[in-house]
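# next input, structure requested:
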Amino acid sequence: MSKTPSVADDAVVLLCADIYGHLDEMEFVAGGSTDPLLAGAVRSAVLVLRGLVAEHGTLRDATCWACGGEWPCRVFSTVHGLIKNPDGEYVALLRRLRAAERRE
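Got it, this is the predicted structure:
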């Protein structure tokens with residue numbers, strides 16, 4: 001018998017999907033770059049961030065798989081903050097890549 005997911009379960013899934021969506025966008029935009037070194041560096045950084053998000057996930061018990069503490073753990077929160085901060089380097093890089101894409 002399947003159990004209906006709780007609101008917390010849905011929130012975890014949505015939060016992770018949002019982060020992965022941002023990473024997908026970064027990878028897609030970088031893939032269109034004419035600078036192969038930049039595109040490779042971005043793909044490598046995205047791979048590391050995906051690994052951290054996956055490793056520091058949770059399910060029903062709100063415990064981080066990697067840290068064993070309360071979720072969201074410090075690592076997940078840091079990755080989330082880096083990706084979602086509108087004044088941060090991640091967003092600035094994405095803006096530069098989009099601007100370069102429009103010029104091409």
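# so which bits of stretch 82-97 are buried?
83, 90-91, 93-94, 97 (16 or more other C-beta atoms under 10 Å). The way it works is simple: take the backbone N, C-alpha and C, and place the C-beta from them, glycine included.
# against Asp24, how distant is Ala39?
15 Å (C-beta to C-beta, to the nearest Å).
# err, Leu59, not the other one
22 Å.
# what about the longest helix in the chain?
Determined from DSSP state H, the single longest helix within the chain is helix 7-31.
# figure out how far that one is from the centre of its chain.
Centroid separation for helix 7-31 versus its chain: 6 Å, with C-alpha atoms, centre = their mean, to the nearest Å.
# which residues does the residue positioned nearest the centre of the chain contact?
For the chain, the residue nearest the mean C-alpha position is Ile19 (3.5 Å; C-alpha atoms, centre = their mean). With contact set as C-beta atoms under 8 Å, 6 or more residues apart in numbering, Ile19 has these partners: 49, 53, 79-80, 83.
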